[in-house]
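Visitor: Need coordinates for the following:
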Amino acid sequence: MNLNNCNKTIKEFTRLIEGKIYNPFEGELKIGVDLGTANIAISVVDSNNRPIAGEIYPSSVVKDGVVVDYMGATKIVRELKLILEERLSTQLNYAATAIPPGIMKENMKVMANVIEAADMDVINIVDEPTAASTVLNITEGAIVDIGGGTTGISIIKNGNVVFTGDEATGGHHMTLVLSGFNGVSIEKAEGYKKDKTKEKEVFSIIRPVVEKMASIVSGYIKGYDVSEIYLVGGSTTFMDFEKVFEKELGIKVYKPYNPLLVTPLGIAMNCISNR
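Guide: Below is the predicted model of the structure:
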């Protein structure tokens with residue numbers, strides 16, 4: 001699998017977010033809102049799915065796909081929206097969003113309500129691994145999306161999603177292990193986890209959590225002919241993450257550039273207006 005085109009798109013999106021800049025555009029824009037456990041992100045692409053702009057903000061207003069702080073989530077989405085509207089000199093009136101596979105309809109409605117309370121109409125809701133597959137542009141294999149709270153999977157055959165699954169094991173569980181191992185607070189453990197100078201040390205401690213994630217995926221793909229797995233989500237950024245999956249599953253595993261931003265970008269690409 002050649003991820004060159006995918007990585008080029010993600011690198012451009014990363015550049016826009018980190019530089020707080022935008023690409024010139026014409027015509028209608030497509031907007032995606034990702035209400036994640038660790039971050040809230042808004043992504044903007046044009047009609048050709050070319051990255052235009054984006055914003056991301058660390059948050060703890062969502063847990064395992066469930067909004068636990070409605071007012072806080074709405075406030076963050078509204079503020080990010082206003083930042084992007086000022087940057088782009090245009091209004092963002094509608095958006096798509098995504099949910100972990102298997103989420104209850106009631107929780108799905110609450111997530112949509114957050115976005116609509118921030119003055120954007122929700123015109124599409126997709127599951128997170130399917131959003132990621134749009135960026136990766138794959139027709140066969142399994143997308144595994146590991147975020148702050150969940151491990152989600154979509155199995156794709158002939159371009160169609162034939163199975164989705166989800167379990168509440170994600171980056172937060174890594175933080176809990178680090179907290180217990182080092183006898184420190186959750187906040188200190190989270191900072192420790194994100195310290196790139198300690199990546200090898202951290203990964204040796206959280207490796208059992210990653211092995212559990214691989215075991216979850218192994219159970220889901222049993223009975224399906226899956227020859228390739230694609231990892232996305234902020235929790236997969238550790239250098240040796242894919243190596244653990246390959247060892248546990250015996251399947252070729254690919255990880256794109258900056259996997260944190262794959263799903264947010266894919267959500268925007270799935271913002272299809274029916275107006």
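Visitor: Counting by contacts, list what the helix or strand containing Ile155 packs against.
Guide: In this structure, Ile155 sits in strand 151-157 according to DSSP states H and E. For strand 151-157, the elements it packs on are helix 128-136, strand 141-146, strand 160-167, helix 199-221, judged by 3 or more CB pairs under 8 Å, 6 or more residues apart in numbering; DSSP states H and E. Bear in mind the C-beta positions are built from the backbone N, C-alpha and C, glycine included.
Visitor: nearest to Ala38, of those?
Guide: Among those, the nearest to Ala38 by CB to CB is strand 141-146 (11.0 Å).
Visitor: mind listing what the closest one pairs with, with the direction of each?
Guide: Here strand 141-146 is paired, per DSSP bridges, with strand 151-157 (antiparallel), strand 228-232 (parallel).
Visitor: So what's the model's average confidence on that strand?
Guide: Averaged across strand 141-146, pLDDT comes to 92.
Visitor: Kindly calculate the angle that it makes with helix 128-136.
Guide: 120 degrees (axes from the mean of the first three to the mean of the last three CA atoms, to 10 degrees).
Visitor: so what's Ile56 bridging to?
Guide: Ala41.
Visitor: who's in contact with it?
Guide: Residues near Ile56 by CB atoms under 8 Å, 6 or more residues apart in numbering: 17, 39-42, 261, 264.
Visitor: Next: Leu16.
Guide: Counting by CB under 8 Å, 6+ apart, Leu16 touches 22-23, 51-54.
Visitor: Relative to Cys271, which of these is nearest.
Guide: Closest to Cys271, out of all of the contacts of Leu16 and judged by CB to CB, is Ile52, at 12.0 Å.
Visitor: Quick check: the closest one touching Gly32?
Guide: No - with contact defined as CB atoms under 8 Å, Ile52 does not count as touching Gly32 (11.3 Å).
Visitor: overlap in contacts of those two?
Guide: Joint contacts of Ile52 and Gly32 (CB under 8 Å, 6+ apart) are 44-45.
Visitor: which one of these two has more residues nearby?
Guide: Gly32 (26 against 23; other CB atoms under 10 Å).
Visitor: Quickly run through the sheet partners of the helix or strand bottoming out on mean pLDDT in the chain, with directions.
Guide: Within the chain, no helix or strand scores below strand 62-63, which has a mean of 78 by mean pLDDT, DSSP states H and E. Here strand 62-63 is paired, per DSSP bridges, with strand 66-67 (antiparallel).
Visitor: name the helices or strands packed onto the following helix or strand past the strand it pairs with?
Guide: Moving toward the C-terminus from strand 66-67, the next helix or strand (DSSP H and E) is helix 70-88. Contacts defined by 3+ CB pairs under 8 Å, 6+ apart place helix 70-88 against strand 30-35, strand 39-45, strand 51-58, helix 105-117.
Visitor: So which bits of helix 70-88 are buried?
Guide: 72-78, 80-81, 84, 87-88 (16 or more other CB atoms under 10 Å).
Visitor: now swap in stretch 2-19 and tell me
Guide: Across stretch 2-19, burial judged by 16+ other CB under 10 Å covers 3, 6, 9-10, 13-14, 16-17.
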